[in-house]
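Asks: Model the following, please.
(4 chains)
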2 protein chains.
Amino acid sequence: MEHCGRLFCTPLTDRPSNQIGAAMDSSRLPANARLLPCELCPLRPRPALREFSPEELAFVKSFKVDELRVAAGTNFLRERTQSEHLYTVLSGWAFRYKLLDDGRRQILNYAIPADMLGLQGAIMKEMEHSVDALTPMALCVFPRTRLWDLYSRFPSLAFDITWLAAREEQHIDENLLSLGRRSALERLAYLLLHLFARAEEVGLTQNRSVQFPFTQQHLADSLGMSLVHTNRTVQRLLATKIVRWNNRVFEVVDRDELAVLAGDEAQPRVPRPFI
Amino acid sequence: MEHCGRLFCTPLTDRPSNQIGAAMDSSRLPANARLLPCELCPLRPRPALREFSPEELAFVKSFKVDELRVAAGTNFLRERTQSEHLYTVLSGWAFRYKLLDDGRRQILNYAIPADMLGLQGAIMKEMEHSVDALTPMALCVFPRTRLWDLYSRFPSLAFDITWLAAREEQHIDENLLSLGRRSALERLAYLLLHLFARAEEVGLTQNRSVQFPFTQQHLADSLGMSLVHTNRTVQRLLATKIVRWNNRVFEVVDRDELAVLAGDEAQPRVPRPFI
DNA sequence: CCACGGCATTCAAATTTGATATAGCGCATC
DNA sequence: GATGCGCTATATCAAATTTGAATGCCGTGG
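Replies: Coordinates of the predicted model:
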């Protein structure tokens, strides 16, 4: 299973039990009852997220028509498809990726709680990437049919959606800079630091450590390197003692040093929208 | 000037006469008179662009407060800056890029007529990339202060802006796939084919050829490769006879073959918004 | 005429890959 | 409770890709 960047390495998509249909069935029966109401959303109070007016909150609550729970490995948004829904991650990790015909895979970005998924599929003709769950997830489900309603009645929320799209673009821009111009070690340091910072924003960290759910193969497919080289680079990073990483627990020992390695000017964060 | 990916190679940013201030002065004096009215916009009639309702057209016309002309090489949007304006390219080419501290440069994408620039700077705290003109350009200038007005009164245009942001993201996603997982030759073929296709959309092509304004150094900085390797790869591509490229004129001899090389499933285009 | 920017080419050196092998762990099954 | 399987992590090594430095050529514009 060493074919770096090949789909074959992690053929989760092949398991019929992990298809979207099956996943939805399991959460469909009680329909509306078990929905977490938006006013009790555990994410909303986070300081990193902007507050809502009561009207906005009421609208979003009505906009949310379902809550989807998927198992780790589920492929719940598919390339070349127009998805009927827009999602916000409530809990769990996912990753966006693209495939080449021969199975080479490039991971574009990771999604964590408070991130929106499926906007492309809702707004354009079709998605040009797929999304897989990396852990069990809970997702708020919004129907694309009411997106127009949102744009008409709540320009503030429309603005937020554009903001989120622009932010996602910034993330990929950074990533493109990494792949194009950073060395393997810088690239790795940058990715890990940024995932850590984003996880921190939504309260996924304790002290200086996070539970990272991905394997080195995911890392390799994110960094545009082979598994072998990724492994060596991880070893090299660990040898610096700047970070620790055992089992799936990642710990930042010296954040400043890591930032230097990553060639990253830590930018001050402002409260971000979240729908 | 061989330091691949270094700013020093094309130190246009250093010429004081090319700064934004100077550029704006030269087009400031007659203020409003020489503005091309939106109803006469040469781009609007293009089949690739979606039509406007009369109301939309009237609003956009009032939204456009100026027309900026910049010389080739002008750096008119700057990283770490919040721009006061939003631009649409009327004519000419530009490129978006990011720099690392030591001058390594990654070109993120190119902008051609009908593309929007500066959205990040208008919507978020600040831009995280810069934009330079590659040729002399004309740009429609929209004030960010009225963006909120647009979102409140014209949800359809707000939707278009989100659409454009999502599309830009798709382009970068593709690029990320290239840098991460395509070989040097595939990468080059993909970039050239896609620039050709985009140019075609807005009528920049004649038969099977375009005037490409960039140098091999730009190409190298787009593809995340060194100048040397880029040059060799260009030679290799030319040797296949699939394309021709003399002076700055690029000609696609066998488009299907080029698409195969690029590993690209040519997707049917739908009319896109344009503001 | 000369300087300079862009393109082409060479070569040794560094980075990165692919193939392959081994070991540990968790999990389902017998 | 032992066994086997799949997935993950680690390691090694020869081969391929990619780089950096250097050099020459050519056309354009002061």
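
Asks: Could you use CA atoms for every contact and neighbour count after this?
Replies: Noted.

Asks: Any chance you could list what contacts stretch A:162-170?
Replies: Contact with stretch A:162-170 is made by A:116, A:273-274, B:119-120, B:123-124, B:128, B:161-162, B:165-166, B:168-169, B:172, as judged by Cα atoms under 8 Å, 6 or more residues apart in numbering or on different chains.

Asks: Just those residues: which are in helices?
Replies: B:119-120, B:123, B:161-162, B:165-166, B:168-169, B:172 (DSSP state H).

Asks: Does residue A:217 touch residue A:227 like I think?
Replies: Yes - if you go by Cα atoms under 8 Å, residue A:217 and residue A:227 touch, sitting 5.7 Å apart.

Asks: sorry, back to before: which one of the contacts of stretch A:162-170 is nearest residue A:103?
Replies: Checking the contacts of stretch A:162-170 against residue A:103 by Cα to Cα gives residue B:172 as the nearest, at 19.8 Å.

Asks: what's the spacing between that closest one and residue B:213?
Replies: When Cα to Cα, to the nearest Å is applied, the distance between residue B:172 and residue B:213 equals 20 Å.

Asks: the more surrounded of these two?
Replies: residue B:172 (21 against 15; other Cα atoms under 10 Å in any protein chain shown).

Asks: Which segments of chain A make up each domain?
Replies: Using automatic domain parsing, the domain parsing of chain A gives A:7-154, A:173-262.

Asks: List just the nearest of the contacts of stretch A:162-170 to residue A:203.
Replies: residue A:274 (14.5 Å).

Asks: Can you get me a residue count around that closest one?
Replies: Residues lying near residue A:274 (other Cα under 10 Å) number 21.

Asks: ditto for residue A:56
Replies: A count of nearby residues for residue A:56, using other Cα under 10 Å, gives 17.

Asks: Let me know the secondary structure of it.
Replies: Judged by DSSP: H, G, I helix; E, B strand; the rest coil, the three-state class of residue A:56 is helix.

Asks: returning to that earlier point: which of the ones in helices among the contacts of stretch A:162-170 lies closest to residue B:61?
Replies: If you rank the ones in helices among the contacts of stretch A:162-170 by distance to residue B:61 using Cα to Cα, residue B:161 comes first, at 15.9 Å.

Asks: For that closest one, give me its contacts.
Replies: Contact analysis of residue B:161 by Cα under 8 Å, 6+ apart lists A:162, B:273, B:275.

Asks: mind checking how far the residue lying closest to residue A:94 once chain neighbours are set aside is from DNA strand D?
Replies: Nearest residue to residue A:94 in three dimensions, chain neighbours excluded: residue A:133, at 4.2 Å (Cα to Cα, 6 or more residues apart in numbering or on different chains). Per Cα to the nearest atom of the strand, to the nearest Å, residue A:133 is found 13 Å from DNA strand D.

Asks: bridging residues for the closest residue to residue A:171 other than its chain neighbours?
Replies: In space, and not counting its chain neighbours, residue A:171 is closest to residue A:109: 7.8 Å by Cα to Cα, 6+ apart. Taking DSSP bridges as the rule, residue A:109 bridges to residue A:96.

Asks: ranking the ones in helices among the contacts of stretch A:162-170 by neighbours, who comes first?
Replies: Ranked by the number of neighbours (other Cα under 10 Å), the ones in helices among the contacts of stretch A:162-170 place residue B:162 first, at 26 neighbours.

Asks: now it: how far from residue A:188?
Replies: Distance from residue B:162 to residue A:188, by Cα to Cα: 31 Å.

Asks: show me what contacts the closest residue to chain B within the stretch 1-150 of chain A?
Replies: Using Cα to the nearest Cα, the closest approach of the stretch 1-150 of chain A to chain B is made by residue A:106 at 5.5 Å. Counting by Cα under 8 Å, 6+ apart, residue A:106 touches A:5, A:97-99, A:221-222, A:224, B:176-177, B:180-181.

Asks: Helix, strand or coil: sort out it for me.
Replies: For residue A:106, the assignment made with three-state DSSP gives strand.

Asks: which ones are touching residue A:123?
Replies: Applying Cα under 8 Å, 6+ apart, the residues contacting residue A:123 are A:144, B:163.

Asks: measure it to residue A:165 for me?
Replies: Per Cα to Cα, residue A:123 is found 11 Å from residue A:165.

Asks: likewise residue A:255?
Replies: Between residue A:255 and residue A:165 the distance is 28 Å, computed by Cα to Cα.
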